[in-house]
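S.K.: okay, sequence plus prediction incoming.
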Amino acid sequence: MNFHQPNAQTFIPDCAPETEALARTTHLGIGAHQDDLEFMAFHGILECYARTDRWFGGVTCTNGAGSSAPVPYAKFTDEDMMKIRVQEQKTAALVGQYGSMIQLDYPSSAVKGATDPSLKDDLRKILEATRPEVVYTHNPADKHDTHIGVTIAALHAMREMPAAGRPRKVVGCEVWRNLDWLPDGEKVLMDVSGRDNLAAALNGVFDSQIAGGKRYDLATLGRRAANATFFDSHATDQSGQLIFGIDLTPLVTDESKDIITFISDLLDRFKNDVCQKLSKQLGQI
């Protein structure tokens, strides 16, 4: 499959023919950077792990340029670091038994641009080749501009598909900004308990980002544990590792829905909940 960036590449861990490998995809993760899939879409990876009737496909949109180079990697150039990050993502695909792993090699600046349709067009091509049942991507309230750029491109790509071919479920996931603020009834709850070993193996692959003090591996597992414990104040923990998501399916099934309004409505409900509880305690209602 050809994409806009000349160094984009498709990796099939089990060496199946590319067309066959893409067509078997049931769960597709679309992330901005190498490591985002493992941090945010672990639920989809687990749903497919060690199965032959479900396959996880991964898409990483950027090229890894501009990464920090901690002490063990201090001698490497930016180009060297890009190659290391691409290889780390391939290693994760092997560990997680992905059906396919596509790296589109866009610079972050291109992803953050609002006028270039290239990424959206590439994602639509991938979606048409994979026809996944479930898509995991960043959530629109993420605070990282590149993540938001990927989310918008992914949503537009899915909206351009024929209605019958669109994913049945689309989940916006946590990376840079968690989703604890969502009203509980609006949270997509993804229980990933009992597979800490696999999560640690996947997260630990990304040594180039973790070495030197950016402990994404610990933070990711810590956030999931906190989600599980702080979800319900009046019940014992029902899971040990819980990921929160936003159900973005309505934005895909109805392309007339405004993305900003959709998120603003959720934020308003959070604001109203906080104000109502305070007003009650202050005797104002």
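M.R.: Ah, there it is.

S.K.: which residue ranges of the protein form helices?
M.R.: Applying DSSP state H to the chain gives helices spanning 18-23, 36-40, 42-48, 78-95, 108-112, 118-130, 145-160, 196-204, 207-210, 216-230, 249-253, 259-281.

S.K.: these: which one's closest to L179?
M.R.: helix 216-230 (8.5 Å; C-beta to C-beta). Where C-beta positions appear, they are placed from N, C-alpha and C, glycine not excepted.

S.K.: that closest one packs against which elements?
M.R.: Secondary-structure packing of helix 216-230 (3 or more C-beta pairs under 8 Å, 6 or more residues apart in numbering; DSSP states H and E): helix 196-204, helix 207-210, strand 242-247.

S.K.: if we can go back for a sec, looking at the helices of the chain, which is buried most?
M.R.: Each of those was given a mean neighbour count from mean count of other C-beta atoms under 10 Å, and the largest, a mean of 29, is that of helix 36-40.

S.K.: now that one: mean pLDDT?
M.R.: For helix 36-40, the mean pLDDT works out to 97.

S.K.: low-confidence regions, the stretch 101-250 of the chain specifically.
M.R.: 212 (pLDDT under 70).

S.K.: so L123 makes contact with A154?
M.R.: Yes. Under the criterion of C-beta atoms under 8 Å, L123 makes contact with A154 at 5.5 Å.

S.K.: overlap in contacts of these two?
M.R.: Listed as contacting both L123 and A154 by C-beta atoms under 8 Å, 6 or more residues apart in numbering are I30.

S.K.: mind putting the helices of the chain into TSV with distance to R168?
M.R.: Converted to TSV, the helices of the chain look like this (distance: least, C-beta to C-beta, whole Å):
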stretch	distance to R168
helix 18-23	17
helix 36-40	19
helix 42-48	13
helix 78-95	24
helix 108-112	26
helix 118-130	13
helix 145-160	11
helix 196-204	25
helix 207-210	33
helix 216-230	24
helix 249-253	7
helix 259-281	18
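
S.K.: quick one: closest of those helices to Q241.
M.R.: helix 216-230 (4.1 Å).

S.K.: alpha carbons of that closest one, as CSV, please.
M.R.: Listed next in CSV are the C-alpha coordinates belonging to helix 216-230 (Å, rounded to 0.1, in the frame of the first residue of the first chain):
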residue,chain,number,x,y,z
TYR,A,216,5.7,6.5,30.9
ASP,A,217,5.7,2.8,31.7
LEU,A,218,5.0,3.4,35.5
ALA,A,219,2.7,6.4,34.8
THR,A,220,0.5,4.4,32.5
LEU,A,221,0.0,1.5,34.9
GLY,A,222,-0.4,3.9,37.8
ARG,A,223,-3.2,5.8,35.9
ARG,A,224,-5.0,2.6,35.2
ALA,A,225,-4.8,1.5,38.8
ALA,A,226,-6.0,4.9,40.0
ASN,A,227,-8.9,4.8,37.6
ALA,A,228,-9.9,1.4,39.0
THR,A,229,-9.8,2.5,42.6
PHE,A,230,-11.2,6.0,42.3
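
S.K.: middle-most residue in this protein, spatially?
M.R.: T137 (3.8 Å; C-alpha atoms, centre = their mean).

S.K.: now for that one: which residues touch it?
M.R.: Contacts of T137 by C-beta under 8 Å, 6+ apart are G29, I30, G31, V150, T151, A154, L155, V170, V171, G172, C173, L248.

S.K.: just put those in CSV and tack on distance to I84.
M.R.: Formatted as CSV, those follow (distance: C-beta to C-beta, whole Å):
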residue, distance to I84
G29, 21
I30, 22
G31, 17
V150, 21
T151, 26
A154, 26
L155, 31
V170, 31
V171, 29
G172, 29
C173, 25
L248, 32
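
S.K.: which one of those is nearest to F3?
M.R.: I30 (13.6 Å).

S.K.: OK, contacts around the closest one?
M.R.: Per C-beta under 8 Å, 6+ apart, neighbours of I30: V59, C61, L123, V135, Y136, T137, V150, A154.

S.K.: residues in contact with the closest residue to A93 other than its chain neighbours?
M.R.: Excluding the flanking residues, the one nearest A93 by C-beta to C-beta, 6 or more residues apart in numbering is M101, at 3.8 Å. Neighbouring residues of M101 by C-beta under 8 Å, 6+ apart: T10, F11, I12, P13, G57, G58, T60, Q89, K90, A92, A93.
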